[in-house]
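Colleague: With the input below, show me the fold.
(chains A, B, C and D)
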Amino acid sequence: MGPSEWLSMVMVSVGVFFFIAGSVGLIRLPDVLTRLHALTKADNVGLGFIVLGLSLQAGSLLELMKLLLLWPLALLASSCACYLVAEATLLQSRRGPGARRHVR
Amino acid sequence: MSGDTLVLDLVLAGLLVFLAWRLLTLSDLFKATVLFIVFGVLLSLAWVRLNAPDVALAEAAIGAGVTGALVLDALRRLDARGPADEAQPLRLNLPRLVGALLVMGLGAFLLWSVLSLPPGWRGLSSETAAAMPRSGVVNPVTASLLNFRGYDTLLEIAVLMLAVLGVWTLNAEPMPPAEPAGPILDVLVKALLPPMVVVAGYLLWAGGHAPGGAFQGAAVLAAGGILLHLARPFNVANRGVVRLVIGFGFAVFLLVGLTLATLGGRFLELPERHAGILILMIETAAMISIALTFVVLFVGNARDNAGRDTS
Amino acid sequence: MTQESWMEGTLAAPLLGAVLALIAGRSAASAIGILTALVGSAASIGLAFAVSRGGSFRYAVGGWGAPLGIDLRVDALAAVMLAMTGVVGLCISVYAVGYFRGKEAEAASSRTNTGPAWLFWPMWLMLWGGMNALYLSGDLFNIYVALEVVGISGIGLIALAGGSAIAAALRYLLLGLAGSLLYIVGVELLYAGYATLDLEQLRQRIDAQPSTWLAAALMTAGLLAKSALFPLHFWLPPAHGHALAPVSAALSALVVKTGFYLLVRLWLDVFAALGTEHVTTFLGALGAAAVLWGGVQALQQERLKMMVAYSTVAQIGYLFMLFPLASMSGSLTGALLLAVSHAMSKAALFMCAGSVLAVYGHDRIQSLQGFGALMPMTAAAFALSSISLIGLPPSGGFAGKWMLLSAALAGGAWWWAAIIVLGGLLTAAYLLRVLAFAFLEPVVASSTRAPRAMELTSLILAGMAIAMNFALLPLHDLLHAGGAR
Amino acid sequence: MTPPIIYASAGAAVLCLGLFGFLAARHVLRRILALNVMGSGVFMMLVALAARTDPPDPIPHALVLTGIVVAVCVTALALALLTRMCRDEGSALLPEDRDIE
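Modeller: Coordinates of the predicted model:
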């Protein structure tokens, strides 16, 4: 393996580490807002590292551009989704507990 | 097949079965719906593993995406009215036990018939390969969908049209539009809508030689429409223009088929020389209609908003 | 015109009409509907004549041919079903014009919670197109898609009525979807075994493997749910009983025949090599149970439309008596004649119920006293279609039952014969109960009148059900010329 | 053990789970989910079958694509019916299931 492949491996491993950290946060953290924090922060960093690592192995310019396009798109989507989920949580907490009913 | 991918396949298949079991037994229907969407996403990975990239794209966009959006939306409206959850779903009682035993028998039988399939099964792959040069496209799945079995696809587009008619029938009364969402969604729409249109066009064009096609492109286009609806609510009432666009794909497909029949061929018999361009034409018309169809299926439902349950 | 062009017309006319009606919208939908109905029924009758002259033929859609492409096959069995759909469909269309004109006047005066009525036209034409596609198809998966077209358009049509029809439509949808999925599993197992979806190729390749039996069982279960044979009939009475009158007529007269037709195709043709004696006896026994159960339930109904709907449950049972008797000569002719005359008389009965509902505003049998004096044409139509349903001579129902009965007796199967007779008595009991009310004094008055077009079409259909008595010989000849097998 | 066998077996299991869920559930939304799961199992078996040859048999892929689109149409219609029924009658269960319990 050449140096670029080693670098690529390292970057992907770092990315995977961040993903695992984010997933642990999703499971372990207590409420929606902190979980969102774990998911969007850690996973976006993780995705960035993985994309960088993979782009070192890209075979063509087109492939490289496709890979590099991925990250900003995912960032945009996840930040908006994070905002929307947080807003919905906030609205629901204002409405008070028990907004979801168990009725048949 | 090397050992590490075997592990991947086993894990993926096991996860799919586990998710199916969980989503049917969770008492909270919201969680069940989320698991259902996860199930769809993992299923599209399974399609990739099974060398079916066209199906994977359709599953991710339609199976998980559109269906998931529809179910979540329905759940929201049921929730606003009360009965959305089941306290104890699928608790075993005598009839259910009998049902479970019967279904397990069926499962064992199915499993056995899967395992006892003779090796060397070829299906129709050699027939398809032989016919590909005359089909006008390079992607065999597109050739099957629009040429070999184009008649199935024609009727399938009829089913899409009928679903819209059904939704219009059910939401007969005019509904107030939903409240507009915050500014962030607006930004997202402005940023994402243009690339989505480009991607849809690419998928449509790519369908001729690579995975993709009208249905996948339409699903992406429809996702853009639904996003737009969430940011700036609009109604898709059954006005003339909307009906024209909804019926357009089916009408073009049918008329192409009939024209070919009157010109001396058989119904839907695409002449070899023009098959490629005819398929592209049919697919373009179909994509526009299908995209609007998905939007209407969602919006036609979504107009019915929480504001109504005071009545 | 060649056989092929008659077939293309039969297939394409309703589909084209449906999409045109959708695009044209409220103003022109009914005009397009009537025009399409005229063209479509003419094409299907033309096709029947073409088949009786030229025999059965195959048609490769797209020019590829089985197993790669989809083959249609047009034989006498398909031609009879198509012609039946054409004739009854035309009458339903004419009836619907009058019906919705009255409905719109009613909706204008009071705000009712029903869907936009013109949506009936695209959905009904698509339903018609789906049934034609199904009868023509020779491909297992194509049949599935056609079944879905029929199912979804049927559900949309039921939902037009609003109110308690919604829950009925939902139940129908869920059961229909489960049925289609079971059917698909069967198709998949057959494809795995024989690498073809074409019915004819499958018939040649089939052998008695366990997975083939499993496929046959699953497909049969799915289709039984769709054709509402006892004990899977429970969704039918609410769905057919709560729908709008033209919709009920279309569903009860035509749509229930699709499942029966497919089962005939499968068990008397494709799977015939499996040695199917137990299966056909089983299907016949379910049919017999349906005849008795449906009849008893119909007797207890208080609403006219529900009674007619339960009568459909019973009459489907008669058709399934064909299976155990199939080896006897004449039984297929008898069952088809019964199917066709049932389509006519059942459509007429639902039309009568719709006219009664339009005049009285309700359909409680007890309170319909003397409707015969108020609406003589409708009462006459009711009486004529009752004659055919009961099986009194001369009528299509009589000829059909006679053929089945003599087939049963010729084969020494007296118990099937006993069920046929007993079912006729039950039918007589529940239909004559209504007819007795029709001519009782004093007459319950009503100020509204039913549109002439509605009453007249029901009378014409009922008359045709009687006239089917004389269709026995032509039908027999057609079945011979067109080689139903 | 090859991928087609693994996924076909999983497909059979998913199919049966979905069928049981459909028969046993009472909330209509869960029934709709169950039927979708069952459909996914059916499609898994079909695509796994196609993967037994290389390159895969495209006909089952086309059938599954058709099936997915038909399934989403039926689901949309079912959900529209369900919300309408819930709006009119205040329950997400079919009438025959409402008084049990």
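Colleague: biggest helix in the chain, by residue count?
Modeller: Defaulting to chain A. Residue-count comparison of every helix in chain A, with assignments taken from DSSP state H, identifies helix A:61-95 as the longest.
Colleague: meant chain D actually
Modeller: In chain D, taking DSSP H as the definition, the longest helix is helix D:58-89.
Colleague: And the residue nearest the centre of chain D?
Modeller: Against the mean C-alpha coordinate of chain D, by CA atoms, centre = their mean, the closest residue is residue D:36 at 2.3 Å.
Colleague: what helix or strand is it on?
Modeller: Here residue D:36, judged by DSSP states H and E, is contained in helix D:28-50.
Colleague: does chain C sit close to that helix?
Modeller: Yes: in terms of CB under 8 Å from any CB of the partner chain, part of helix D:28-50 sits within range of chain C, namely D:28, D:31, D:32, D:35, D:38, D:39, D:42, D:45, D:46, D:49. Any C-beta I mention is one placed from the backbone N, CA and C, and that applies to glycine too.
Colleague: Closest one to chain A out of those, please.
Modeller: The shortest distance between chain A and any of those, using CB to the nearest CB, involves residue D:28 and amounts to 11.9 Å.
Colleague: how about that closest one, what does it touch?
Modeller: If you count contacts by CB atoms under 8 Å, 6 or more residues apart in numbering or on different chains, residue D:28 has them with C:170, C:174, D:78, D:82, D:85, D:92, D:93, D:94.
Colleague: distance of residue C:185 from residue D:12?
Modeller: Using CB to CB, to the nearest Å, one gets 9 Å for the distance from residue C:185 to residue D:12.
Colleague: Can you check which residues contact both of these two?
Modeller: Residues touching both residue C:185 and residue D:12 by CB under 8 Å, 6+ apart: B:110, D:45.
Colleague: Compute the number of surrounding residues for the nearest residue to residue B:188 once chain neighbours are set aside.
Modeller: Counting by CB to CB, 6 or more residues apart in numbering or on different chains, residue A:80 is the residue found nearest to residue B:188 once chain neighbours are left out, at 4.2 Å. Close neighbours of residue A:80, defined as other CB atoms under 10 Å in any protein chain shown, add up to 20.
Colleague: ok, residue A:80 touching residue B:189?
Modeller: No: when contacts are counted by CB atoms under 8 Å, residue A:80 is not listed as touching residue B:189 (9.4 Å).
Colleague: what does stretch C:472-485 rub up against?
Modeller: Judged by CB under 8 Å, 6+ apart, the contacts made with stretch C:472-485 from elsewhere in the structure are C:48, C:51-53, C:55-56, C:75-77, C:79-80, C:268-269, C:330, C:332-333, C:336-337, C:399, C:403.
Colleague: Which of these fall within helices?
Modeller: C:48, C:51-53, C:76-77, C:79-80, C:332-333, C:336-337, C:399, C:403.
Colleague: can you put these in CSV and add distance to chain D?
Modeller: Compiled in CSV, the ones in helices among the contacts of stretch C:472-485 are given as follows (distance: CB to the nearest CB, whole Å):
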residue, distance to chain D
C:48, 31
C:51, 30
C:52, 35
C:53, 36
C:76, 30
C:77, 26
C:79, 28
C:80, 29
C:332, 32
C:333, 36
C:336, 30
C:337, 35
C:399, 39
C:403, 39
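Colleague: ok, of those, which come out buried?
Modeller: Burial by neighbour count, judged by 16 or more other CB atoms under 10 Å in any protein chain shown, picks out C:48, C:51-52, C:76-77, C:79-80, C:332-333, C:336-337, C:399, C:403 from those.
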